[in-house]
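1. Just to be clear, the model below is a prediction. Sequence and coordinates:
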Amino acid sequence: MATPAGAGRTNASKSLRADRYETVLAGAAVVLLVAILVALAKGAAHWGSVPLAVWGHLATVVIALALTPVMLLRPRGDAAHRMLGKVWVVAMFLTAAESFFVRHGTPPRFSFIHILSAYVVLAAPLIWWTARTHRIAAHRRQVRGMVTGALLIAGFFTLPPFRLLGQWLTA
């Protein structure tokens, strides 16, 4: 016998829904993604001078940013969530790993932001592992922390006028 949609849902399934904080994170990801895309469009005349490592870094972060609201706002735990989650984790890992090739100064040196990159390289596999082992509360905390710090805070720090995207955005 078929049951109506939503019948038999438990409090556990309700807890998988996006809460207010995750909704704010999703909105911030959209704002940051739009700002980056606008900056890229405005800086098109300078694309040829951008190193390949920066392009790889930008490509993976755009993928992670585009997937973030989808992952935070859509239903969780199904096959699509698992598949998109793997893509998101890989994008975050690659974004962080590629950042080690994006250095500035003479001689090129690491910056404070590379501490977050090291965190992501270590934490991204843990996010996948907590999901794989059904440690939902730990998984959710880790995703929220990574989105907050490593994606959004770090991302918004790319927009001041003395940074490449910030220069293009304000041009």
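-> All right, it came through fine.
2. residue contacts, the most centrally placed residue in the chain?
-> What sits nearest the mean C-alpha location of the chain, by Cα atoms, centre = their mean, is residue 64, with 4.0 Å. Going by Cβ atoms under 8 Å, 6 or more residues apart in numbering, residue 64 touches 88, 91, 92, 95, 151. Placement of C-beta: from N, CA and C, glycine included.
3. what about the helix or strand encompassing it, distance to the chain center?
-> Residue 64 belongs to helix 52-73 when assigned by DSSP states H and E. For helix 52-73, the gap between its own C-alpha mean and the chain's C-alpha mean amounts to 6 Å (Cα atoms, centre = their mean, to the nearest Å).
4. moving C-terminal of that helix, what's the next helix or strand?
-> Downstream of helix 52-73, the next assigned helix or strand under DSSP H and E is helix 79-99.
5. can you give me how far stretch 32-41 is from the chain middle?
-> In this view, stretch 32-41 has its centroid 15 Å away from the chain centroid, taken as Cα atoms, centre = their mean.
6. in that stretch, what counts as buried?
-> Neighbour-count burial for stretch 32-41, with 16 or more other Cβ atoms under 10 Å as criterion, is recorded at 32, 33, 35, 36, 39, 40.
7. Which pLDDT value belongs to the second one?
-> According to the prediction, residue 33 has pLDDT 98.
8. how about it, what does it touch?
-> 62, 65, 66.
9. Between helix 79-99 and the helix holding residue 64, find me the angle.
-> Relative orientation of helix 52-73 versus helix 79-99 (axes from the mean of the first three to the mean of the last three Cα atoms, to 10 degrees): 150 degrees.
10. What separation do you get for residue 28 and residue 130?
-> 23 Å (Cβ to Cβ, to the nearest Å).
11. Which helix or strand lies directly C-terminal to the worst-scoring helix or strand of the chain on mean pLDDT?
-> Taking all helices and strands of the chain together, the one with the lowest average confidence (mean pLDDT, DSSP states H and E) is helix 11-15, at a mean of 52. Once the chain leaves helix 11-15, the next helix or strand it forms, by DSSP H and E, is helix 20-42.
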